[in-house]
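**Q** need coordinates for the following:
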Amino acid sequence: MVVDIDLEPVTAESDLFQKPVYIAGPCSAETEEQVMNTAVPLAAMGIKIFRAGIWKPRTRPNSFEGVGSVGLKWLQRVKKETGMRVAIEVANVKHVYEALKYGVDIIWIGARTSANPFAVQDIADSLRGVDIPVMVKNPINPDVDLWIGAIERINNSGIRRMAAIHRGFSSYDRTLYRNVPQWQVPIELRRRIPRIPIITDPSHICGNRELLFDISQKAMDLNFDGLIIETHCNPDKALSDANQQVTPDALGKLLNRLIIRDPEIKEELMLTLAALRDQIDKMDDRIINILEERMKVADQIGEYKKVNNITILQTKRWDDMLKNRLQLGTRKGLSEEFIIRLFRSIHQESINHQTRIMNEE
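**A** The predicted model follows:
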């Protein structure tokens, strides 16, 4: 279902979120010298939007939590001397008022804040009658409705220039990434709000500068609208998130490597794609039919367990089955992550079927 969001269209004349949009700057504004030494080379390479953390929501106390409002004066200097727009994160109404007072051009709502509808509504209420672009990061959990809700709240306050920031999602499991990309979530957001620009945040997804390029290229391949990448004049000495920041020079090299693909399919290619997509459709039909048959067998197992008073979950059987499917799937060229997610979903649906049968009178 498409969500009705009243957004100002992105055009060549309004270049704020015209793709590809690149936003760069340090995780935290630390000193005026550090801010300017980062901003000047970024402006020289054509970056139009400078980001910097002023207030930093840290996971634990006694960490560097930002310099506060004094850093906003440094951003005023960035605007004056480089011509770049400046963007900061706001987490409460005080932050919004301070940002507006110092002439910040763009604000964004962070992942922790977007997960809290009360906090988002307070920010939305403070923005009534204000014309400022707002970017909304995805909540820390992969809840697309919560993300959409945050966007709707800001939009309902009268904000028409908006973008979504995809920064990945927290995971209990140890993974390659600091925050798992879960690309299907921003893809679903794009399906439901087709006109909203989506900007990927490779820095917070990766947590490691060595991984930034692959995530950045994947975002471009998915036809997302841009990137927001943490950039610092001396990343190894950064007071926050040192491992994921790059120098302006390294950022330039990364951006130059990116391949920007054509989002439009040329007419001469349509026939080939249509034939391949037809094959996909037929395979998907077979998958659905096989899943239907599998659930019928699960129903029979549920009946047997009910008659014999056996618990639904048989942990050893599930563990053995998952290991077997992982071995088979990886031999067929499928990723472990995909196999685990697929069979967890299938197993959960089997449990749902058996639970219904168990509780039928």
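**Q** show me what the helix or strand where residue 316 lies is packed up against.
**A** Assignment of secondary structure by DSSP states H and E places residue 316 within helix 315-331. Under the contact criterion of 3 or more Cβ pairs under 8 Å, 6 or more residues apart in numbering; DSSP states H and E, helix 315-331 touches helix 336-358. The way it works is simple: take the backbone N, C-alpha and C, and place the C-beta from them, glycine included.
**Q** what's in contact with the helix it packs on?
**A** Identification of contacts with helix 336-358 by Cβ atoms under 8 Å, 6 or more residues apart in numbering yields 291, 294-295, 298-299, 301-303, 305-306, 312-313, 318, 321-322, 325-326, 329-330.
**Q** of the residues you listed, select the buried ones using a PyMOL command.
**A** To isolate the buried ones among the contacts of helix 336-358 in PyMOL, judged by 16 or more other Cβ atoms under 10 Å, type:
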select buried, resi 295+298+301+302+305+312+325+329
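**Q** hang on, the earlier thing: angle of the helix holding residue 316 against helix 336-358?
**A** Using axes from the mean of the first three to the mean of the last three Cα atoms, to 10 degrees, the direction of helix 315-331 lies 140 degrees away from that of helix 336-358.
**Q** and the contacts of helix 315-331?
**A** Contacts of helix 315-331 from elsewhere in the structure, counted by Cβ under 8 Å, 6+ apart, are 336, 338, 339, 340, 343, 347.
**Q** how far away is the fifth one from residue 332?
**A** Shown here: residue 343 relative to residue 332, a distance of 14 Å by Cβ to Cβ, to the nearest Å.
**Q** identify the contacts common to those two.
**A** Where contact means Cβ under 8 Å, 6+ apart, no residue is in contact with each of residue 343 and residue 332.
**Q** same drill for those two, tell me which one is more crowded.
**A** Just comparing residue 343 and residue 332: by other Cβ atoms under 10 Å the higher neighbour count belongs to residue 343, 17 against 8.
**Q** and the gap between that one and residue 33?
**A** Plainly put, residue 343 is 54 Å away from residue 33 if you go by Cβ to Cβ.
**Q** same deal with residue 9?
**A** According to Cβ to Cβ, residue 9 and residue 33 sit 40 Å apart.
**Q** same question for residue 119.
**A** Remark: distance between residue 119 and residue 33 (Cβ to Cβ) = 33 Å.
**Q** so for these two, which residue has more residues nearby?
**A** Regarding residue 119 and residue 33, a neighbour count based on other Cβ under 10 Å identifies residue 119 as having more, with 19 against 10.
**Q** name the SS class of that one, please.
**A** The assignment at residue 119 comes out as helix when based on DSSP: H, G, I helix; E, B strand; the rest coil.
**Q** go on, residue 16?
**A** When classified by three-state DSSP, residue 16 comes out as coil.
**Q** so what's the closest residue to residue 156 other than its chain neighbours up against?
**A** Once flanking residues are discounted, residue 156 sits nearest to residue 124: 6.7 Å by Cβ to Cβ, 6 or more residues apart in numbering. By Cβ under 8 Å, 6+ apart, the residues touching residue 124 are 153, 154, 156, 157, 159.
**Q** number of nearby residues for the third one?
**A** The reference is to residue 156. Neighbour count for residue 156, taken as other Cβ under 10 Å: 14.
**Q** need the contact partners of the helix or strand containing residue 76.
**A** Take DSSP H and E as the rule and residue 76 turns out to sit in helix 70-82. Residues outside helix 70-82 that contact it (Cβ under 8 Å, 6+ apart): 29, 32, 35-36, 39-40, 42-43, 50, 52, 54, 84-86, 88, 98-99, 101-105.
**Q** out of the residues you listed, which are buried?
**A** Burial by neighbour count, 16+ other Cβ under 10 Å: within the contacts of helix 70-82 this picks out 29, 32, 35, 39, 42-43, 50, 52, 54, 84-86, 88, 98-99, 102, 104-105.
**Q** return the subset of these lying in strands.
**A** Of the buried ones among the contacts of helix 70-82, the ones assigned to strands by DSSP state E are 50, 85, 86, 88.
**Q** partners of the last one in the sheet?
**A** What that stands for is residue 88. Assessed by DSSP bridges, residue 88 has beta-bridge partners residue 107.
**Q** isn't it right next to residue 107, touching?
**A** Yes - under the criterion of Cβ atoms under 8 Å, residue 88 is in contact with residue 107, at a separation of 6.2 Å.
**Q** pull up the overlap in contacts between those two.
**A** Applying Cβ under 8 Å, 6+ apart, one finds that residue 88 and residue 107 are jointly contacted by 95, 99.
**Q** can you map out the helices along the protein?
**A** For the chain, the helices defined by DSSP state H cover 32-44, 70-82, 93-101, 111-114, 117-126, 144-156, 184-192, 202-206, 212-221, 248-257, 267-307, 315-331, 336-358.
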